[in-house]
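K.L.:
With the sequence up front, the predicted model follows.
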Amino acid sequence: MLKKKIPVLLCFLAGLLPIISFFFTSPGDGLREANDTLEQWLVVVSGFALLLGVISVFQVNLRKISNRSKGWVNAIYLLASLVIMGAFGLMDAFSEMPGWGWVGTSGNTGFNWIFDAIFQPLQSTMFSLLAFYVASAAFRAFRARNLEAGLLLAAAMVVMLGINPYVVKVLPFLPEWTRWIMNGPNAAAQRGIIIGAALGAASMTLRILLGIERSWLGLQEGE
Amino acid sequence: MHIFFAMAPLNTPDGFGIWVGAFFTLCILSFLYKDNPFFRFAESIFAGCSLGYYIGNTFSQTIVPNVLEPLVHDGHTPFISWGWWVLVIPIIIGVNLYTRYIPKIAWVARFSLAIYVGYYAALEMMLKLQGEVLPQSADTIISLVPRGTPMIDWFTSIVVMIGVLCVLVYFFFSAEHKGVLGGVSKVGVWFLMISFGAAFAYTIMGRISILIGRVVFLMGDWLGYGA
Amino acid sequence: MNFMDWITNLDRRWLYLLVGVFAIVPLIFPLGMPVNVSPAVQSLYDHVEGMNPGEIIMVSMDYGPSTGPENDPMACALIRHALSRDLRIVMLALYPIGGVNEGIQELQRCVGDLDPPNGVLESTKFPGKIYGKDFVYLGYKDGGLATMRQMNENIHEVFPSDYWQTPVTEYELSNEVQGYDDVNFAFSVATGIIGEWWANTVNAQFGLPVAVGCTAVSAPKYFAYYNAGQMFALLGGLKGAAEYERLVLDNYPQAKADTEEQVFYAAKGWDVQSVVYSIITIFIILGNVAYLLERRRTRMQL
């Protein structure tokens, strides 16, 4: 009861509140106020939820280091950078709180320096690798093997050529074609995907709220 | 060559930061040749920094200003005033999520998770139905006779209508795709292929843009070319 | 081995090298490639041009460093356009991995260095424009959808203080803006799903006009929202950024001078983009020619 039914009931009530307040309330109503309060809480709860993974990362990497398993040195680098970046971030966060005056601006300075010098270059370079892979994939896998693949290739070529200013100089009508593909067939397919996915998500929500879908509870065997 | 005179200085915090950034950029790019310890090192630092960033960002931008600071400065009477509870309850719900790491009471985390999942699932449903299904469907409903709109726009709208219907039929799994249904769903696949082709062209553009950002950093910020 | 066999079996690292080299060359020898402005971009420019001085734009930084080269120039062009026209800006960030830093970086790139807690409030790039009066930065908030919905009820509850932890009520502009009714439109500079939320939640539920500057990867999907009128303007990827930047630069000399001082801006990126794009297009064509020739050869052997 406590382990299963109450969470399902709580889930139902937490879901019911925004739905009812959306349809049946106006500003100032008690229900609307309750929904606003829940929303305010969830802004904060989301913060805690975002940090949930940090503990698992600690557990996994500490285990790796203590077992000296493959890549344990990298696990040390990972945890060290996590702790240093996190510590500067916490110093920055608490700098205005009572008793934290000694921190001054050092937390902010350290956090921003690591962001600019390390985090930003690493994140953007990691994603920039995809430019090379996508170029290679375009060359090796993008073949007109059948009608469907041919359509894929033809649409891609029209859009690519229609965006390319060199080509547009020679074939000035191409940007119009590109626009037509984007606003016509592309928008149609995307619209179909959006509507289909939305109906799927809505039915999944109903399953969750009504307690039919319970995988989010993470039930153990025998529960 | 002027390029070397304009390189980022090593003796200022900003200049040194650029050198560090250039080092890590090259570490990651070295993976293009083959996997190597420099890449592994940079990859680990990236993962660690990302999580450290989450911690700092969440505390400095949300948890401290929205909860802890008002708790300290707004003068609420603990346990008595409603304002105090409004600030404390989300902390309880949030911290309770972490009981999942204590095996004996891991199930307690479900209470918080229930509120989180229930609220966001409902919100998602509302926004999908009201913000996607209705407006997207409404815009697909058009006059079959061109009235006052240019022929090309009317023709595009007809194409869109046919495309949406065919793609939806393709996603309709409750009946076997045979006969008319099979034919219509095949046309749906063609529309999807055209869209994926366009998306691929745009994806190439997006990925190149990010590469350009790194090249500009190495050439401009680090080597000083054109800076 | 003939040319086609050679190209089919080429080590991919040669292709990587080619892409890398052609990403560098146009930076050394700028080409000044033209950009054609599309209606989806023009409508953002026209909308901003049609606003009255003093009206407020909400700019949401919904991206991180991973897509900075595409999104940064969009944010910069809009901030410069708005300040040049005496419009006011309320900035915030909803993207968890770097959104808040992108926000402060781009804001300071456009207005000059700021230090509001120590009284450095005036823009050096736009003299007379004051932090807290003409523009304000609320920082980042967790919560995504919940935050967006709460902003309609009361922004001050969600963002009690600005980026520098000063109470928002202490500044004229942030004090004045209490909900979506107080702003003319929202511009989401987005990667991924947050731009969609502005359309399917804020626009759909609260009726606030929304424009989005999205990454090229998201653009094809966003066209569906744009076509349905859920966004009144759409800037897709570096191309969209270059188009909007061109419109602003052609009409505002101060914005032009400030932009061209930067090491990187959209038009410069567009040069490189055009060259690398051409290389990849040629490779796709070559790959397909090789494939068709190979198929013909196999058929003839049969």
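P.N.:
Nice, I can see it.

K.L.:
got a pLDDT number for B:L168?
P.N.:
We have a pLDDT of 94 for B:L168.

K.L.:
Find the nearest non-adjacent residue to it, please.
P.N.:
A:G192 (5.2 Å; C-beta to C-beta, 6 or more residues apart in numbering or on different chains). The way it works is simple: take the backbone N, C-alpha and C, and place the C-beta from them, glycine included.

K.L.:
cool, and B:G17?
P.N.:
The shortest distance from B:G17 to any non-neighbouring residue, by C-beta to C-beta, 6+ apart, is to A:A117 (3.4 Å).

K.L.:
pull the CA atoms of the host helix or strand of A:A198 into CSV?
P.N.:
Using DSSP states H and E, the element containing A:A198 is helix A:187-209. Taking C-alpha atoms only, helix A:187-209 is exported to CSV below (Å, rounded to 0.1, in the frame of the first residue of the first chain):
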residue,chain,number,x,y,z
ALA,A,187,6.5,20.6,-43.1
ALA,A,188,3.8,18.0,-43.9
ALA,A,189,6.0,15.1,-42.8
GLN,A,190,7.1,17.0,-39.6
ARG,A,191,3.5,17.9,-38.9
GLY,A,192,2.5,14.2,-39.2
ILE,A,193,5.3,13.3,-36.8
ILE,A,194,4.4,16.0,-34.4
ILE,A,195,0.7,15.0,-34.3
GLY,A,196,1.4,11.3,-34.2
ALA,A,197,4.0,11.7,-31.4
ALA,A,198,1.6,14.1,-29.5
LEU,A,199,-1.2,11.6,-29.5
GLY,A,200,1.2,8.9,-28.4
ALA,A,201,2.5,11.1,-25.5
ALA,A,202,-1.0,12.0,-24.5
SER,A,203,-2.1,8.3,-24.3
MET,A,204,1.1,7.5,-22.3
THR,A,205,0.3,10.3,-19.9
LEU,A,206,-3.2,8.9,-19.3
ARG,A,207,-1.7,5.5,-18.7
ILE,A,208,0.7,7.0,-16.1
LEU,A,209,-1.9,9.1,-14.3
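
K.L.:
And that helix, what does it pack against?
P.N.:
helix A:5-24, helix B:109-128, helix B:134-140, helix B:151-170, helix B:179-216, helix C:219-227 (3 or more C-beta pairs under 8 Å, 6 or more residues apart in numbering or on different chains; DSSP states H and E).

K.L.:
Tell me which residue in chain B sits closest to chain A.
P.N.:
Closest contact between chain B and chain A, by C-beta to the nearest C-beta, is at B:G56 (1.4 Å).

K.L.:
Confirm for me that that residue is in contact with A:A93.
P.N.:
Yes. The pair B:G56 and A:A93 qualifies as a contact (C-beta atoms under 8 Å) at a distance of 6.5 Å.

K.L.:
Just checking, which helix or strand of chain A averages the lowest pLDDT?
P.N.:
helix A:165-170 (a mean of 88; mean pLDDT, DSSP states H and E).

K.L.:
quick one: is that one near chain C?
P.N.:
Yes. On the criterion C-beta under 8 Å from any C-beta of the partner chain, helix A:165-170 is in touch with chain C at A:165-168.

K.L.:
Helix or strand: which one has A:Q59?
P.N.:
Using DSSP H and E, A:Q59 falls within helix A:52-66.

K.L.:
Whichever helix or strand comes after that helix packs against which elements?
P.N.:
Later in the chain than helix A:52-66, the nearest helix or strand by DSSP H and E is helix A:72-94. With contacts defined as 3+ C-beta pairs under 8 Å, 6+ apart, helix A:72-94 has these neighbours: helix A:52-66, helix A:106-114, helix B:37-58.
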